[in-house]
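Asks: just the structure for this:
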Amino acid sequence: QVQVVESGGGLVQAGGSLRLSCAASGSISSINTMNWYRQAPGKQRELVASITSGGRTRYTDSVKGRFTISRDNAKNTVYLQMNSLKPEDTAVYYCNAYITTSSGGLVYTKDYWGQGTQVTVSS
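Replies: Here you go, the predicted model:
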C-alpha cells in the first residue's frame, strides 16, 4: 500500500511564508513526477508546480518567482516553499505523485493523491 501525506499548511499574513511537505511511503519502486495542486472555494483544482525525478521544474505563472518546488528522492518527499504569499493563494493544497510499485513480478504506475492541507493567507 502506498500513502501520500501532506503537512505544513496553516494561517499566515500576506507577505509571509509557508513550507509544505509531502511524503510518500509504502512499497515504492520509484517516484516519477511529483506535483502540487491547489483548489480554492468555488474554483477548479489547478496545477501549481511540478518536478520530475531528474529535478526539472515547472510553475504556473501566478506563483513564478514566489514558490519553489524541490524534492528529496532519498526520503520520497516533495516540498513547496511559498514566499510573498497573497490572499489569492488561499486554497487547499494537494500533493500528487506518479509512483511505480511492483507485485508478483508485475510493475504498476499510477498517480496518488494526498488528503490536502489548508493554506489561508489573510490580508
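Asks: for stretch 8-23, what is the average pLDDT?
Replies: Averaged across stretch 8-23, the pLDDT comes to 98.
Asks: after the lengthiest strand in the chain, next one along is what?
Replies: Counting residues, the longest strand in the chain under DSSP state E turns out to be strand 91-103. Downstream of strand 91-103, the first helix or strand assigned by DSSP states H and E is strand 106-113.
Asks: partner strands of the helix or strand that that next one is followed by, parallel or antiparallel?
Replies: Later in the chain than strand 106-113, the nearest helix or strand by DSSP H and E is strand 117-122. As defined by DSSP bridges, the strand partners of strand 117-122 come to strand 10-13 (parallel), strand 91-103 (antiparallel).
Asks: state the pLDDT value of residue 54.
Replies: 94.
Asks: how about it, phi and psi?
Replies: phi -90, psi 0 (degrees, to the nearest 10).
Asks: before we move on, what about residue 85?
Replies: According to degrees, to the nearest 10, residue 85 has phi -60, psi 150.
Asks: and the closest residue to it other than its chain neighbours, how many neighbours?
Replies: Distances taken as CB to CB, 6 or more residues apart in numbering put residue 121 closest to residue 85, at 4.6 Å, once the chain neighbours are dropped. Bear in mind the C-beta positions are built from the backbone N, C-alpha and C, glycine included. By the criterion of other CB atoms under 10 Å, residue 121 has 20 neighbours.
Asks: contacts only, for residue 121.
Replies: 12, 13, 14, 16, 85, 86, 87, 88, 89, 90 (CB atoms under 8 Å, 6 or more residues apart in numbering).
Asks: could those residues be laid out in CSV, adding neighbour count and distance to residue 105?
Replies: Below are the contacts of residue 121 laid out as CSV (neighbours: other CB atoms under 10 Å; distance: CB to CB, whole Å):
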residue, neighbour count, distance to residue 105
12, 17, 48
13, 10, 53
14, 13, 53
16, 14, 50
85, 22, 47
86, 14, 50
87, 11, 51
88, 11, 48
89, 22, 45
90, 18, 46
